[in-house]
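Enquirer: Please work out how this folds:
(one chain, ligands or ions: 3)
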Amino acid sequence: MGTSAYIDDLALAQRLADIADAITLDRYLAQDLVITTKPDNTPVTDADRATEQAITAAITKERPNDGVVGEEFGKTNENAARYWVIDPIDGTKNFMRGVPTWATLIGLIERSSEGSERVVAGVVSAPALARRWYASEGSGAYVIFNNGVPRKISVSQVSAISDASITYSDFAGWNEKLASFRKLLDDSWRTRGLGDFWSHMLVAEGAVDVAIEPSLALWDMAALDIIVREAGGEFSGTNGISGPFQRSGLSTNGILHKKIVEALA
Ligand code: IPD
Ligand code: CA
Ligand code: CA
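Expert: Ligands and ions are numbered 1, 2, ... in the order given. This is a model prediction of the structure:
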């Protein structure tokens with residue numbers, strides 16, 4: 001696909017992010033925010049639900065042939081050749097406590113005729129941080145700060161684990177890989193538990209070198225995958241298999257990717 005193939009899709013993704021920002025920012029820090037617990041024992045707020053419903057309604061109107069996979073309401077138009085993957089609020093626990101590190105994640109996945117799937121466009125909008133990242137296939141990755149001029153971003157050049165800055169979510173969910181994860185952190189130059197989309201977007205910006213999360217869903221990763229790759233990095237599961245389909249997420253500057261996968265194996 002050529003550089004301009006996804007311009008319209010990216011423009012739609014930006015409009016979807018604008019719709020999301022209006023809802024999420026209005027409910028962030030609201031005294032009457034309604035928080036309920038989902039069957040998987042994780043919290044969800046009225047803002048998560050309202051945001052996903054508004055995004056899905058806009059996609060259904062503008063792209064009736066496309067599918068949607070959302071965290072809160074599941075799948076629409078399941079057999080479509082292309083589908084939008086929505087995490088209405090990534091970092092709900094931050095959102096509901098007043099930590100500004102949360103974002104709406106919007107990814108577009110295309111299915112090829114052989115059945116393989118790849119992310120072709122993505123937007124990560126973090127309005128409480130006044131930041132938005134976006135990318136589409138072949139067009140590079142960008143960040144906008146405070147509604148300013150888009151800045152092209154690219155990953156770092158760090159090549160040794162001993163020089164690397166590694167970010168992660170927390171120590172939960174590592175199971176049998178916990179010991180190798182801790183050793184990897186000990187062997188690195190610097191570590192911070194920044195978490196969520198934020199770790200991965202800082203890899204895309206070249207501000208850190210590695211972001212790792214052991215337990216994720218497709219909606220946590222689709223938008224991150226294309227932004228990290230278009231910034232020159234690599235995105236895979238912690239097993240090293242490329243793409244956002246592995247139920248874990250590893251972003252690196254590319255140079256370090258194999259070393260990190262080996263260290264975690
Ligand atoms: C969570 C974040 C977090 C990850 C959790 C996810 P949510 O998403 O992506 O980084 O560690 O597994 O559930 O629930 O805030 O959208
Ligand atoms: Ca999430
Ligand atoms: Ca979420």
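Enquirer: so where do the strands sit in the stretch 101-250 of the chain?
Expert: 103-111, 117-126, 131-136, 141-145, 151-153, 165-168, 190-192, 210-213, 234-236, 249-252 (DSSP state E, counting those that start in this stretch).
Enquirer: How many residues are close by R27?
Expert: 19 (other CB atoms under 10 Å). Where you see a C-beta, it was placed from the backbone N, CA and C, and this is true even at glycine.
Enquirer: Pull the contacting residues for the nearest residue to it once chain neighbours are set aside.
Expert: Leaving aside its sequence neighbours, R27 sits nearest to A47 (CB to CB, 6 or more residues apart in numbering; 3.7 Å). A47 is in contact with I23, T24, R27, Y28, L33, P88, I89, F95, counting by CB atoms under 8 Å, 6 or more residues apart in numbering.
Enquirer: my read: the second one touches E52, true?
Expert: No. In terms of CB atoms under 8 Å, T24 does not count as a neighbour of E52; the distance is 10.8 Å.
Enquirer: Identify the contacts common to these two.
Expert: P88.
Enquirer: got the residues of this structure near ligand 2?
Expert: D87, D90, D220 (CB under 5 Å from the ion).
Enquirer: is it true that the last one touches D90?
Expert: Yes. Under the criterion of CB under 8 Å, D220 is in contact with D90, at a separation of 6.2 Å.
Enquirer: Which of those two has more residues huddled nearby?
Expert: With other CB under 10 Å as the criterion, D220 and D90 differ in neighbour count, and D90 comes out ahead with 26 against 23.
Enquirer: quick one, longest helix in this structure?
Expert: Longest helix of the chain, by residue count under DSSP state H: helix 7-27.
Enquirer: Pull the number of nearby residues for R118.
Expert: Count around R118 with other CB under 10 Å applied: 18.
Enquirer: er, S165 I mean
Expert: Neighbour tally, S165, other CB under 10 Å: 18.
Enquirer: now the one 10 residues further on
Expert: Taking other CB under 10 Å as the criterion, the count of residues near N175 is 9.
Enquirer: ditto for the one 10 residues further on
Expert: L185 is flanked by 17 other residues according to other CB under 10 Å.
Enquirer: what do you get for G237?
Expert: G237: 20 neighbours (other CB under 10 Å).
Enquirer: Quick one: name the residues of this protein near ligand 3.
Expert: Residues of the chain lying close to ligand 3 (CB under 5 Å from the ion) are E71, D87, I89.
Enquirer: Am I right that the first one is in contact with I86?
Expert: Yes. Under the criterion of CB under 8 Å, E71 makes contact with I86 at 6.9 Å.
Enquirer: any shared contact partners between those two?
Expert: With CB under 8 Å, 6+ apart as the test, E71 and I86 both reach E52, W219.
Enquirer: now the helices for the stretch 151-265 of the chain?
Expert: Ranges of helices in the stretch 151-265 of the chain, per DSSP state H, counting those that start in this stretch, are 178-187, 196-205, 218-230, 257-264.
Enquirer: All set, thanks.
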